[in-house]
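Undergrad: Below: sequence and its predicted model.
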Amino acid sequence: MNAPPLEDPAVPDFRPLDFDRLWTGRDRVTEVERLIVRESLATASPSRVLELGTGVGRLSLAIQENVREYAALDITPDFLARVPIRRGTESLRVAANIYHLPFVANSFPAVVMVRVLGFLSDPQSALKEIGRVMSPGGILVVSYNPHPSIASLVDDIKVGLARRVGEPMTSMTFSGQARVRVRPSSFPTWSLTRVEFRRTVEATGLVWDSEWPTGWEEYRYFRFLPAEVFRSLSHAAARAGAFPTRFALLRRAGIASGPASSWEKVLACPACRSPIETPALIDPASIACVDCRRVWPWRDGVFDARWYGPGTPDAEAVRR
């Protein structure tokens, strides 16, 4: 059995985030991202999908199309309670740390992670952990916000205009660094260059397949255009720079053979990775791992498997 890493990167607390306010007036962005996610998943036609960083489920219904089994994962249980589930879909809502996924190895033929990578202080460790739960030949659809881009230039201007007299000017766009801190941002956020993102992917053992740039729909002067125009542009200008957002399709090496475990046995203890029975089947208030004896709550339809590594406070304390 593979032991989790001894040290765990920091995980932001997203509870103050107001998704309704954040996405007001940005319907075109959601439409474009739904189109890209659907098209990406269609390359594999998976029957089971894991969505990482669901928030309140902005893309979840699109991800669940033509899927029999769907797992929604976020660090914030209150967000998961709002994630919509299609009728007839077997589903799990799981609160967990992306660096310690509570699933057995080789469980998912498809994983989707949109607007999450920039919040990861250690993206390489996170991608390795995601690769662990992907089945051989499985796909990962992941978005990231690179620099330099039009978005990093706009952010540089915002920071420059807001800086105090005498404060030195800093730039993401022209920094020359492979990884920079994003400003302004309400949460710790990082941006990688396109080259650094490719290097990070290769270091995890995942295989690069293709990439689609997008993000112009973020700007109000372009939102009058139909979503299909932006999707077509992402194909026509796949190699172009300056786009604020890029979607990458990654694969795990190997021959696709479907998930290694049945839906009833997909969960594992995030601390010791021993398989545990799916909570929905036995409807307990909590589940104890038979190997390490840690207890994981099952509350309001959410399996709370948040683990932050050895040395952290007891399980109940870190969940408050």
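TA: Now that the structure is in, tell me what you want to look at.

Undergrad: Remind me what the longest helix along the chain packs against, helices and strands.
TA: If you go by DSSP state H, the chain has its longest helix at helix 27-42. Applying 3 or more C-beta pairs under 8 Å, 6 or more residues apart in numbering; DSSP states H and E, one finds that helix 27-42 contacts helix 60-63, strand 108-113, strand 134-144, strand 206-214, helix 227-236, strand 245-252. (Glycine included, C-beta is placed from N, CA and C.)

Undergrad: The fourth one vs strand 134-144, what angle?
TA: Orientation of strand 206-214 against strand 134-144 (axes from the mean of the first three to the mean of the last three C-alpha atoms, to 10 degrees) gives an angle of 30 degrees.

Undergrad: where do the strands sit along this protein?
TA: For the chain, strands defined by DSSP state E occupy the ranges 48-52, 69-74, 90-95, 108-113, 134-144, 179-181, 190-192, 206-214, 245-252, 286-288, 295-299, 302-304.

Undergrad: do you know how far residue 136 is from residue 205?
TA: 12 Å (C-beta to C-beta, to the nearest Å).

Undergrad: picking up where we left off before, want to throw the helices and strands packed on helix 27-42 into a markdown table with mean pLDDT and distance to residue 84?
TA: Output for these, formatted as a markdown table (pLDDT from 0 to 100; distance: least, C-beta to C-beta, whole Å):
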| stretch | mean pLDDT | distance to residue 84 |
| --- | --- | --- |
| helix 60-63 | 98 | 6 |
| strand 108-113 | 97 | 15 |
| strand 134-144 | 97 | 19 |
| strand 206-214 | 96 | 23 |
| helix 227-236 | 94 | 20 |
| strand 245-252 | 97 | 22 |
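
Undergrad: Now mean neighbour count and distance to residue 268 too, for the ones you listed, in JSON lines please.
TA: Formatted as JSON lines, these follow (neighbours: other C-beta atoms under 10 Å; distance: least, C-beta to C-beta, whole Å):
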{"stretch": "helix 60-63", "mean neighbour count": "20", "distance to residue 268": "22"}
{"stretch": "strand 108-113", "mean neighbour count": "25", "distance to residue 268": "12"}
{"stretch": "strand 134-144", "mean neighbour count": "24", "distance to residue 268": "14"}
{"stretch": "strand 206-214", "mean neighbour count": "19", "distance to residue 268": "21"}
{"stretch": "helix 227-236", "mean neighbour count": "17", "distance to residue 268": "36"}
{"stretch": "strand 245-252", "mean neighbour count": "22", "distance to residue 268": "18"}
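
Undergrad: Among these, which comes closest to residue 155?
TA: Closest of these to residue 155 is strand 245-252, at 13.4 Å (criterion: C-beta to C-beta).

Undergrad: Sheet partners, orientation included, of the closest one?
TA: Its sheet considered, strand 245-252 pairs with strand 134-144 (antiparallel), strand 206-214 (antiparallel) by DSSP bridges.

Undergrad: re the thing from before, need the overlap of contacts for residue 136 and residue 205.
TA: 252-253 (C-beta atoms under 8 Å, 6 or more residues apart in numbering).

Undergrad: Skipping adjacent residues, who's closest to the residue nearest the centre of the chain in space?
TA: In the chain, the residue lying closest to the centroid (C-alpha atoms, centre = their mean) is residue 113, at 2.9 Å. Take residue 113 and drop its neighbours on the chain: the residue closest to it by C-beta to C-beta, 6 or more residues apart in numbering is residue 52, 4.2 Å away.
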